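1. Next come a sequence and a model predicted from it.
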Amino acid sequence: MELLIGGLAIGAVYALLAIGIVLVFRATGVVNFAQGEVMMVAAYAYVLAAARTGSAVLQMAAAVGTGIAAALLCYAVAHLLLPRASRLAQVIGTIGVLILLQAGARFLFTDDPVPADPWLFGDENLLVGGATVAVNSLLILGITVLATAALVWWQNATVYGRAVRAVAEDPWRAALSGIHVSSTLATSWAVGGALAGIAGLLVSPVTGVYPTMGDSVIFPAFISAVLGGFSSIEGALVGGLLLGLIQTYAVVLFGGSFKEAVMFGVLLAVLLWRPTGLFAARGARQV
């Protein structure tokens, strides 16, 4: 039970980042390589807010707000500074933001990890099925599932959510129907940043906060997106949870040194067997 909940919690963090990557890719065709750094700056915002206030609401607002601001910076570079550039140039622009955010964090905080207290419940544990499970592991899993469900509902049941889907499908025809394309695209980036902010809030007590913390999660997040299909939010959630379980049991069976090899094996198997992912929608782009 401890391994199961722990693996799902790790996978939930991957899923939050993967969903943000999928949202941006569906809307713009751009893969945001700075998604891990968006999580990193949000984690620093959480640590600073936790040092100044005991309010869990303010701490979450600081992390999510900073994640949104960092994601909008990526949007500004990719679409406002490079409006007529190729997709490849826009992707390189996100890599530039990655370098900028990492360098800024190193300048302000150095490379030493900053400890972070667990959000909301501290270090409390629960007895589940005879096993001791950290409450925060259940919190990570629950928040991820709820955030994904809320996002799917928003995109399918609200007018603005359907506008976001319409722009992702065909921005030219969406503009003809009266949808403001630029602000709608910015919304997709902002939602992805909010999810990265939640991930930073939840993972920072486990790993500590340091400038390169995004590097350790961005590759698994990309694999989660590929596993689920780059066109499916639900697929990114399932892909992240599956990868977290696979990674956890691989570490137990083979040791931590084989963790990256197992993840690469999962990626290679998916690309060979089903390159569009497990939950790819009809007509989706192949990755």
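-> Received, thanks.
2. Could you verify my assumption that residue 196 touches residue 19?
-> No - using CB atoms under 8 Å, residue 196 is not in contact with residue 19; the gap is 9.5 Å. (Each C-beta comes from the backbone N, C-alpha and C, glycine too.)
3. Looking at those two, which has the bigger crowd around it?
-> Higher neighbour count among residue 196 and residue 19: residue 196, with 36 against 32, using other CB atoms under 10 Å.
4. Name the residues of the helix or strand the more buried one falls within that are buried.
-> Per DSSP states H and E: residue 196 is located in helix 181-207. Across helix 181-207, burial judged by 16 or more other CB atoms under 10 Å covers 184-205.
5. Tell me the helices and strands packed up against that helix.
-> helix 2-28, helix 35-52, helix 56-75, helix 135-157, helix 159-169, helix 171-176, helix 215-228 (3 or more CB pairs under 8 Å, 6 or more residues apart in numbering; DSSP states H and E).
6. Following the third one in sequence, what is the next regular element?
-> Right, the one you point to is helix 56-75. Taking DSSP H and E, what comes next after helix 56-75 is helix 87-109.
7. Now do that following helix against helix 56-75, angle only.
-> Interaxial angle, helix 87-109 versus helix 56-75 (axes from the mean of the first three to the mean of the last three CA atoms, to 10 degrees): 140 degrees.
8. Tell me which residues are up against the helix or strand just after helix 87-109.
-> Using DSSP H and E, the helix or strand that follows helix 87-109 towards the C-terminus is strand 125-128. Contacts to strand 125-128, defined as CB atoms under 8 Å, 6 or more residues apart in numbering, come from residues 1, 5, 132, 133, 134, 135, 138.
9. let's see it at 6 Å
-> Contact with strand 125-128 is made by 1, 132, 133, 134, 135, as judged by CB atoms under 6 Å, 6 or more residues apart in numbering.
10. And stretch 154-171, by the same measure?
-> Stretch 154-171 is contacted from outside by 26, 27, 174, 179, 181, 184, 187, 188, using CB under 6 Å, 6+ apart.
11. so what's the fifth one up against?
-> Contact analysis of residue 181 by CB under 6 Å, 6+ apart lists 167, 171, 175.
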